[in-house]
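Participant: Turn this into a structure:
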Amino acid sequence: MITPAYCATMARYNTWQNGCLRRAMAQLPEAELTAERGAFFGSILGTANHLLWGDRMWMSRFSDVEKPAVSIRESRDLNPTSSAWEAERFRLDGRIELWAESLHAVDLTGKLTWVSGAVGREVTMPYALCVMHMFNHQTHHRGQIHAMLTAAGAKTEDTDLFVMPGAS
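Facilitator: Purely as a prediction, here's the structure:
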C-alpha cells in the first residue's frame, strides 16, 4: 500500500510545510491568530493546535511519543500562544521525521487497534492506512490554516509537493 520512502517523503513535506505556516503566522499579531474565523477548530491557532494534537495522538500509537493530555474537544487549546505551538511543532516534526526514516517495509504491515475518543469505541485498521491517514489529516488541516492565513493578509508560500526543496 505504502512504502518507507513514501513515509519519509511525507514526513519531510510535513516539516517543510509547518515551517511555511510558522513564517506566515509570524506575520500576524497574536489577536489575529486567535480570532474566531468560523473554522471547525475556530481560529488559525486553534486549527494549528488541533493538527499538532492529531499528530501527537497518531505518533503515540506508532511510536513512543506521549499522547496529548487533552481530548479532541480540547485540542484547539493545546497551546495558549503561537510561540508555545511553534516550539512543540518543531519538536514533533523532528520526531516524525526520525520515525519515518527508521521504518522498514514490514513495519507498515499488519493492523493497529486503539480506542478512538473521536468515535467512542475500539477501532482496528490496517497499519499502513493509519499512517496514510495521519499524513492526509496534516495536509487537510494545513490547507484550512493556509486559507485562513491568506484571508487574514499573511503572505503564504507554495504548498505543492513537487517544489519541496530536495523533492527531485
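Participant: what about the closest residue in space to residue 108 that isn't next to it in sequence, which helix or strand?
Facilitator: Nearest non-adjacent residue to residue 108, counting by Cβ to Cβ, 6 or more residues apart in numbering: residue 128, 4.5 Å away. (Glycine included, C-beta is placed from N, CA and C.) Assessed by DSSP states H and E, residue 128 sits inside helix 127-151.
Participant: what does that helix rub up against?
Facilitator: Residues from elsewhere that reach helix 127-151 (Cβ atoms under 8 Å, 6 or more residues apart in numbering): 1-2, 7, 10, 13-14, 17-18, 21, 24-25, 28, 37, 39-41, 43-44, 47-48, 50-51, 54-55, 58-59, 61-62, 107-112, 156, 159.
Participant: Those residues in helices, which ones?
Facilitator: Among the contacts of helix 127-151, the members found in helices (DSSP state H) are 7, 10, 13-14, 17-18, 21, 24-25, 44, 47-48, 50-51, 54-55, 58-59, 61-62.
Participant: From those, list the buried ones, please.
Facilitator: Buried by 16 or more other Cβ atoms under 10 Å: 7, 10, 13-14, 17-18, 21, 24-25, 44, 47-48, 50-51, 54-55, 58-59, 62, out of the ones in helices among the contacts of helix 127-151.
Participant: Isn't residue 96 up against residue 55?
Facilitator: Yes. Look at residue 96 against residue 55 with Cβ atoms under 8 Å: they come within range, at 6.7 Å.
Participant: Between those two, which contacts overlap?
Facilitator: residue 14.
Participant: before we move on, the earlier item: just the angle between the helix holding residue 128 and helix 44-62, please?
Facilitator: Orientation note: helix 127-151 sits at an angle of 170 degrees relative to helix 44-62 (axes from the mean of the first three to the mean of the last three Cα atoms, to 10 degrees).
Participant: Okay, buried residues for helix 127-151 please.
Facilitator: Under the neighbour-count criterion of 16+ other Cβ under 10 Å, helix 127-151 has 127-128, 130-132, 134-135, 137-138, 141-142, 144-146, 148-149 buried.
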